[in-house]
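Participant: this one's structure only:
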């Protein structure tokens with residue numbers, strides 16, 4: 001599974017990440033019914049894996065932004 005990079009500024013706007021992502025939901029290659037939306041705590045560890053599909057989310061440093 002690929003790593004999905006998340007900028008710190010994006011995490012501040014949404015306060016959390018979720019899987020499947022909006023991009024996944026709009027994709028023809030991934031069935032939206034694959035698993036329920038799961039909110040993931042990325043800010044605590046900087047990296048988190050979806051317990052359903054194994055997608056890996058990684059927090060990327062953003063100049064001037066602290067979490």
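Facilitator: Ah, there it is. Keep in mind that what you see is a predicted model, and the values were worked out from it rather than measured. Numbering: from 1, shown residues only.
Participant: separation between residue 16 and residue 63?
Facilitator: Note on residue 16: its distance to residue 63, by CB to CB, to the nearest Å, is 22 Å. C-beta: built from backbone N, CA, C; applies to glycine.
Participant: more crowded one of the two?
Facilitator: residue 16 (10 against 6; other CB atoms under 10 Å).
Participant: In this model residue 37 seems to touch the more buried one, though I could be wrong.
Facilitator: No: in this structure, residue 16 is not within contact of residue 37 by CB atoms under 8 Å, at 10.9 Å.
Participant: The protein: strands as residue ranges?
Facilitator: 3-7, 17-19, 38-40, 47-49, 56-60 (DSSP state E).
Participant: The second one - contacts with which helices or strands?
Facilitator: This points to strand 17-19. Secondary-structure packing of strand 17-19 (3 or more CB pairs under 8 Å, 6 or more residues apart in numbering; DSSP states H and E): strand 38-40.
Participant: what's the answer for the last one, then?
Facilitator: Secondary structure elements in contact with strand 56-60, counted by 3+ CB pairs under 8 Å, 6+ apart, are strand 3-7, helix 8-14, strand 47-49.
Participant: closest one to residue 41 among the ones you listed?
Facilitator: Closest to residue 41 of the helices and strands packed on strand 56-60, according to CB to CB: strand 47-49, at 6.5 Å.
Participant: Quick one: mean pLDDT for that closest one?
Facilitator: For strand 47-49, mean pLDDT rounds to 93.
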